[in-house]
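Asker: all I have is the shape, not the residue letters:
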DNA sequence: ACGGACACGTGAGTC
DNA sequence: TGACTCACGTGTCCG
């Protein structure tokens, strides 16, 4: 490809920055066109592949950026850099808020609750989640809880239990496989939900008022 | 710049994809070097500026991306696209967590509370405040609340009430005249305080355990 | 004209 | 080898 003779009459007005023209030039001026065309065509095809793949990559990245723009307080004309700066701030902010708040929940409350949320940390490759279950106390709760954790292949890093006035709250720190982390969260959430439903089904009326929340338009 | 004669002896091994070489070539072969050098130098300088500015821009963006990598459960070798995908997920996740949590602020807690604070917003010239009252529920609470608001000439934009286990929380969005806004806040605060004192004086002992809430260091 | 921000095509590297 | 990501330099548009 190098040190080849160049025709004096050739038009130098071609765009030297665009290798396409170079390839075309080679394609039309080589004497032994039969053998070379094959490789040149393959090179062109590879180049087009590369070009379009790169375009798709850019679009993928930009689509995520656009998605982030909708999640943050900023319009569609904010810089990529500024956007990412805001994202960093927001993530830090939300991280701290949730960590502060979730530390308060150790004692059982009067309402049934389930929370499963990502701590963001990881334990040798596995994501760590914090699961909290607050409900009426009963003897088979712990065994069922363990059964759920085992069936979901979740490793329990830490378990905390508190009981007060017949009610109990269990706070678990569990590690989930990174690949199935999202599914694990939802499965765990649903499993705990059904676990809770099984206990509330007997005496639901008692706690129904917990959901009595009204919105009053005054003025 | 176009259609100029090319020396047959020149080394064609130069990188045609790099316009630097083209500029250098032009720079060294033009005959009327005096007039052209000025513009060529300026063009080169502009190009370098552009080049370095673009580099700085890339570095800015990438540094934010690296920062995000430290905030998320992922190593330094994860894709830009995958990283951003995870960021989107995380932001959504945290957003929902915090919104769930702040919704709990509308539920009555077990301790009596009064908060009156400025939202910073304004409604046709009047400042908007957010007032929250959490106490034992009783039938004459709402009438007395309305009486207070009327006597202070506060316009109620929005009222939200929740009851749980005999306790209630009222969150009000009120607009105060701009001139008397400071006095209005204090009056409202004092009025709510006396309103609360009237109810707590009868049965304070019952709720004392509600404040027994401990913070345990996890992790 | 100047700088900032963007999309693009391309060379280089990795797996 | 091909499929992939990245950094780079460039052309181009906008304020």
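Answerer: Done, it's in. Since we're looking at a predicted model, the values are computed, not measured.

Asker: for DNA strand C, what are the nearby residues on chain A?
Answerer: Neighbours of DNA strand C within chain A, by Cβ under 7 Å from any atom of the strand: A:18-20, A:47, A:50-51, A:54-55, A:58-59, A:62, A:79-82. For glycine as for every other residue, the C-beta is placed from the backbone atoms N, C-alpha and C.

Asker: okay, how far is it across stretch A:167-186, tip to tip?
Answerer: With Cα to Cα, to the nearest Å as the measure, stretch A:167-186 spans 25 Å from end to end.

Asker: quick revisit: check the residues of chain A next to DNA strand C against DNA strand D, which are close?
Answerer: The subset of the residues of chain A next to DNA strand C within reach of DNA strand D, by Cβ under 7 Å from any atom of the strand, is A:50, A:54.

Asker: which members of the residues of chain A next to DNA strand C are classed as buried?
Answerer: Buried members of the residues of chain A next to DNA strand C, scored by 16 or more other Cβ atoms under 10 Å in any protein chain shown, are A:80, A:81.

Asker: helices - which of the residues of chain A next to DNA strand C land there?
Answerer: Using DSSP state H, the subset of the residues of chain A next to DNA strand C located in helices is A:19-20, A:47, A:50-51, A:54-55, A:58-59, A:62, A:80-82.

Asker: sorry, back to before: which pair in the residues of chain A next to DNA strand C spans the largest distance?
Answerer: Maximum pairwise distance in the residues of chain A next to DNA strand C, criterion Cβ to Cβ, is 35.3 Å, between A:20 and A:82.

Asker: what about residue A:151, neighbour count?
Answerer: Look at residue A:151: counted by other Cβ atoms under 10 Å in any protein chain shown, it has 10 neighbours.

Asker: now for it: which residues touch it?
Answerer: Neighbouring residues of residue A:151 by Cβ atoms under 8 Å, 6 or more residues apart in numbering or on different chains: residue A:191.

Asker: try 10 Å this time
Answerer: A:187, A:191 (Cβ atoms under 10 Å, 6 or more residues apart in numbering or on different chains).

Asker: with adjacent residues omitted, what lies nearest to residue A:97?
Answerer: Leaving out its chain neighbours, the residue that sits closest to residue A:97 by Cβ to Cβ, 6 or more residues apart in numbering or on different chains is residue B:98, at 5.6 Å.

Asker: residue ranges of each domain in chain A, please.
Answerer: For chain A, automatic domain parsing gives the domain ranges A:1-75, A:113-200.

Asker: okay, the ones you listed, which one's buried deepest?
Answerer: Ranked by mean neighbour count under mean count of other Cβ atoms under 10 Å in any protein chain shown, the domains of chain A are led by domain A:113-200, which reaches a mean of 16.

Asker: ok so, going back, so the residue nearest to residue A:97, which of the three states?
Answerer: Secondary structure assignment for residue B:98 (DSSP: H, G, I helix; E, B strand; the rest coil): helix.

Asker: tally of neighbours for it?
Answerer: Residue B:98 - counted by other Cβ under 10 Å - has 15 other residues nearby.

Asker: show me where chain A has strands.
Answerer: Counting by DSSP state E, chain A has strands at residues A:113-123, A:126-136, A:155-164, A:167-176, A:213-216.

Asker: what pairs with the third one, parallel or antiparallel?
Answerer: Just to be clear, that refers to strand A:155-164. strand A:167-176 (antiparallel) (DSSP bridges).

Asker: same thing with the second one?
Answerer: Strand A:126-136 sits in its sheet next to strand A:113-123 (antiparallel), strand A:167-176 (antiparallel), going by DSSP bridges.

Asker: could you export the ones you listed as JSON lines, including mean pLDDT?
Answerer: Converted to JSON lines, the strands paired with strand A:126-136 look like this (pLDDT from 0 to 100):
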{"stretch": "strand A:113-123", "mean pLDDT": "77"}
{"stretch": "strand A:167-176", "mean pLDDT": "87"}
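
Asker: make TSV from those and add distance to residue B:131 to it.
Answerer: Formatted as TSV, these follow (distance: least, Cβ to Cβ, whole Å):
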stretch	distance to residue B:131
strand A:113-123	27
strand A:167-176	31
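
Asker: nearest approach to residue B:86 belongs to which of those?
Answerer: Judging these by Cβ to Cβ, what sits closest to residue B:86 is strand A:113-123, at 10.6 Å.

Asker: for chain A, which spans come out with low pLDDT?
Answerer: A:1-35, A:100-106, A:110-111, A:120, A:199-219 (pLDDT under 70).
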